[in-house]
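[1] Okay, sequence plus prediction incoming.
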Amino acid sequence: MTDQNPPQGTSESVRLTPQQLDALGQHLVWRIGRDDLTDEVVVRVGLASAAGQFAALSRLRSVPDADLEQALASGQIRLEWVE
């Protein structure tokens, strides 16, 4: 992993081993749903230590699997990192 955060709106490629992903996954919290304010399909991910911050964000409604698959196929998913 990297200690640097890319500027907003950019992406950075990071390669992790399966073992690193397993170790990281044990410390993550995520929510998937349709944003109550924007109606976008959103995936929110953060460290378990930031779990309280999820409550401060807009509500996510449940999204049917078919809608999630369609949003994924069309690249219409918003990914948010919660700190």
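    Ah, there it is. Numbering: from 1, shown residues only.
[2] residues of stretch 19-33 that come out buried?
    Across stretch 19-33, burial judged by 16 or more other Cβ atoms under 10 Å covers residue 33. C-betas here are computed from N, CA, C, even on glycine.
[3] ok, and what's touching it?
    By Cβ atoms under 8 Å, 6 or more residues apart in numbering, the residues outside stretch 19-33 that reach it are 1, 16, 41-51, 54, 60-63, 68, 82.
[4] Does the most centrally placed residue in the chain fall in a helix, a strand, or a coil region?
    Geometric centre of the chain, nearest residue: residue 44, 3.2 Å, by Cα atoms, centre = their mean. Following DSSP: H, G, I helix; E, B strand; the rest coil, the label given to residue 44 is strand.
[5] tell me which element residue 67 is part of?
    Using DSSP states H and E, residue 67 sits within helix 65-73.
[6] And the next helix or strand past that helix?
    Going down the chain from helix 65-73, the next helix or strand is strand 77-82, by DSSP H and E.
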